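Q: Show me the folded form of this:
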Amino acid sequence: MAKKQKKLKPTKVPTKRQLSRWQRQEKRRRVIIIAAAVFLAGILGYVGYDVGYGYYDAEIRPLREVMIEVNDTSFTTGYYVKLLDAYTEGQDPSQVYYMADVASRQIIRDELIRQGADSLGISVETQEIDEGMEEIDLPDEEVYRDAITAILLSEKLLEDYFGSQLADTMEQAHIQVMLVESKEIADEVRAKIESGQEFSALVEEFSCDPQVGGDLGWLPQELMSDTLGDVAFSLEPGEISQPVYDDSTSKSVGYWLIQVTDTDEEKGIQAKAMLLSSKKEANEVKDKLDSGEDFADLAKEYSQHESKDSGGELGWRKQGDMSDAFDEVAFNLTSNELSEPVRDTSVQTTGSYWIVKDLDRGEHELSEEVKEALNNQHLSDWIKEREENSTISIAEARELWAIERVMKGK
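A: Here you go, the predicted structure:
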């Protein structure tokens, strides 16, 4: 029996009009796909630029830029960031701003030492640096190796260069000194010394900073301040100086004049204050205030507190913001009441009087402590001279960027 064949449906042939329409549709579809691909590539390219090149410009490139130059040697921002980060490790982020200048100065100082030592033919071996790194247990990074190198070079400069030039003896003065806050006290002390009272006992009673008073032993003039040195080497053995004013040496005492202008249970007190050098000066300024002179004008003229530029205005303060001596008086004042002078030994002021007694003077052997002090002084003077004769620059904008970078990581 013959197999029945399946009847095929006739194939429908598109008309020319239909073909033309389909071709137009296909063309539009290809154009849309290409356009979409180009748009997508643009988007990816933009994102790639933003993530790649944008990140590089914002985070990587600044680290490679030169921030500090010392003669022909340059240091990148990245180098500075590492050192500043090491200096402030484990500290509050606010300390970054305080240490920022310390870090840049250290980079400059260390490089001046390296360049100066090289000019003198003084160097350190790699093994010495490695041993120094291992002893302090530092990471093997450039900033730490440079720091160790500078320390080792300083030691060699002190011993081999400056130490070798130091004589065994030098003209020195054996003196006793006392620093007091006013001429009136200095005159009183001088009279007591001349009457036979012990200098050391009077230091404990009257000195405004016992740490810089008493028997200083034998010292060459270059280890004394200019004022003290001029006095000490002008006296004869056994002679006591007249009171000598010194406006540069700091002392650990000052006197507050405080006025509270407002109080608030939450904010504390709103106050203005002046920090004066001596009780005598504080009384004189208080008299001016009592007679009607302007607080702000007098603060700008006499105060040694940082608020002087704003006329002594401290703003709102709570207990603990200032010193104990300040708080004890300020938080017990009535509104607009002016305090009596408040003595405060936790502050530093300048302006005081020296009393000097020359026990002996002449050529004298240098003690080990004096030799060390002289060598350190000569090294500091040598570095300062090199700095004055060097070309040094710091890119401040990059320094600010570096500070912010370090703070972000804290």
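Q: Every contact and neighbour count from this point should use C-alpha atoms.
A: Fine.
Q: Quick check: chain neighbours aside, which residue is closest to His174?
A: Leaving aside its chain neighbours, His174 sits nearest to Trp218 (4.2 Å; criterion: C-alpha to C-alpha, 6 or more residues apart in numbering).
Q: go on, Leu289?
A: Nearest to Leu289 is Phe295, by C-alpha to C-alpha, 6+ apart, at 6.6 Å.
Q: And the one helix or strand the residue nearest to His174 maps to, what's buried?
A: Assigned by DSSP states H and E, Trp218 belongs to strand 214-219. Going by neighbour count (16 or more other C-alpha atoms under 10 Å), the buried part of strand 214-219 is Gly214, Asp215, Trp218, Leu219.
Q: Can you lay out the residues you listed as JSON lines showing pLDDT and distance to Ile394?
A: Listed next are the buried residues of strand 214-219 as JSON lines, based on pLDDT from 0 to 100; distance: C-alpha to C-alpha, whole Å:
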{"residue": "Gly214", "pLDDT": "88", "distance to Ile394": "43"}
{"residue": "Asp215", "pLDDT": "91", "distance to Ile394": "44"}
{"residue": "Trp218", "pLDDT": "96", "distance to Ile394": "42"}
{"residue": "Leu219", "pLDDT": "96", "distance to Ile394": "39"}
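Q: Now flag whichever of those is closest to Leu338.
A: Proximity of those to Leu338 (C-alpha to C-alpha) peaks at Gly214, which lies at 37.0 Å.
Q: Tell me the bridge partners for the nearest residue to Thr334 once chain neighbours are set aside.
A: Spatial nearest neighbour of Thr334, excluding adjacent residues (C-alpha to C-alpha, 6+ apart): Val260 at 7.0 Å. With DSSP bridges as the criterion, Val260 is bridged to Ala271.
Q: Now do Val260: how many residues are near it, please.
A: 23 (other C-alpha atoms under 10 Å).
Q: Can you verify my assumption that it contacts Val329?
A: No: taking C-alpha atoms under 8 Å as the definition, Val260 is not a contact partner of Val329, at 10.2 Å.
Q: what's next to the helix or strand Lys192 falls within, contact-wise?
A: Assigned by DSSP H and E, Lys192 falls within helix 183-194. By C-alpha atoms under 8 Å, 6 or more residues apart in numbering, the list of residues contacting helix 183-194 from outside reads Val180, Phe199, Leu202, Phe206, Ile240, Gln242, Pro243, Tyr245, Tyr353, Trp354, Ile355.
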